[in-house]
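K.L.:
Got a sequence here, can you model it:
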Amino acid sequence: MRLILVGPPGAGKGTQAVHLAEHYQIPHISTGDIFRANLQNGTALGLKAKSYMDKGELVPDSLTNEMVKDRLAKDDAKSGFLLDGFPRNVSQAEVLNAMLAESGVLLDAALELSLDNEEIVKRLSIRGRDDDREEIIRRRLEVYSEQTAPIISFYRDANLLVTIAATGEISDITAAAIAALSKKLS
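P.N.:
Down below sits the predicted model:
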């Protein structure tokens with residue numbers, strides 16, 4: 001199974017990624033984890049990323065793409081993976097397609113966890129983290145709809161999109177995701 005997970009902040013991507021990766025016996029690859037591993041190990045890519053981060057700048061797509069490509073080349077990702085936090089925009093989605101084509105593999109599906117904005121605000125406000133104040137949450141949702149939401153159309157047009165509602169118990173959402181993916185791939 002080669003899967004990407006998309007959806008707004010607060011939809012439960014991190015939680016579902018863990019359960020789905022376990023179910024499909026594939027590595028859960030999050031861009032956050034890739035960055036941390038490269039920084040901790042002091043890799044050439046990690047040092048490049050650090051130079052941007054130290055200045056408070058976003059790590060450019062080209063560097064993120066390199067890190068993801070490097071991670072997907074590892075043995076544990078050969079028989080499948082679940083990408084969480086990548087691609088974040090259409091240009092990264094196109095790069096991912098090219099990377100996979102180079103390896104002679106295709107993406108099986110893009111799983112969208114769909115959740116109403118008001119539900120997201122409610123859900124994230126409860127967590128009580130510093131970046132979970134309502135105005136910050138609403139700004140993150142704006143950024144999501146500007147930058148990341150277009151990849152929903154990209155994957156819908158490629159006939160890879162599977163959308164499920166991210167409401168209810170965690171186990172029910174996982175079961176709905178597995179059922180929807182099975183149906184898509186049968």
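
K.L.:
Grab the longest helix from this protein for me.
P.N.:
In the chain, taking DSSP state H as the definition, the longest helix is helix 170-185.

K.L.:
Just the CA coordinates for stretch 67-80, please, in CSV.
P.N.:
C-alpha atoms of stretch 67-80 as CSV (Å, rounded to 0.1, in the frame of the first residue of the first chain):
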residue,chain,number,x,y,z
MET,A,67,14.5,14.5,2.2
VAL,A,68,11.4,12.6,1.2
LYS,A,69,13.1,11.0,-1.8
ASP,A,70,15.9,9.9,0.4
ARG,A,71,13.5,8.5,3.0
LEU,A,72,11.4,6.6,0.3
ALA,A,73,14.6,5.0,-0.9
LYS,A,74,15.1,3.2,2.4
ASP,A,75,14.4,-0.6,2.5
ASP,A,76,11.4,-0.4,4.8
ALA,A,77,9.5,1.8,2.3
LYS,A,78,10.1,-0.6,-0.7
SER,A,79,6.9,-2.5,-0.2
GLY,A,80,4.8,0.5,0.7
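
K.L.:
Any idea how far it is from the middle of the chain?
P.N.:
From the chain centre to the centre of stretch 67-80 is a distance of 15 Å (Cα atoms, centre = their mean, to the nearest Å).

K.L.:
List the contacts of it.
P.N.:
1-3, 24-27, 29, 31, 34-35, 38, 45, 49, 81, 83, 86, 96, 99-100, 103 (Cβ atoms under 8 Å, 6 or more residues apart in numbering). Using the backbone N, CA and C atoms, a C-beta is placed for each residue, glycine as well.

K.L.:
Tell me the buried residues within the residues you listed.
P.N.:
1-3, 24, 26-27, 29, 31, 34-35, 38, 45, 49, 81, 83, 86, 96 (16 or more other Cβ atoms under 10 Å).

K.L.:
Looking at these, which are in strands?
P.N.:
2-3, 29, 81, 83 (DSSP state E).

K.L.:
Helices of the chain, residue ranges please.
P.N.:
Remark: helices assigned in the chain by DSSP H are 13-24, 31-40, 44-54, 61-72, 90-102, 117-127, 134-143, 150-157, 170-185.

K.L.:
Let me have these in a markdown table, extended by mean pLDDT and distance to residue 110.
P.N.:
Shown next, in a markdown table, are the helices of the chain (pLDDT from 0 to 100; distance: least, Cβ to Cβ, whole Å):
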| stretch | mean pLDDT | distance to residue 110 |
| --- | --- | --- |
| helix 13-24 | 95 | 12 |
| helix 31-40 | 88 | 15 |
| helix 44-54 | 89 | 25 |
| helix 61-72 | 92 | 15 |
| helix 90-102 | 94 | 8 |
| helix 117-127 | 86 | 19 |
| helix 134-143 | 86 | 19 |
| helix 150-157 | 95 | 4 |
| helix 170-185 | 96 | 10 |
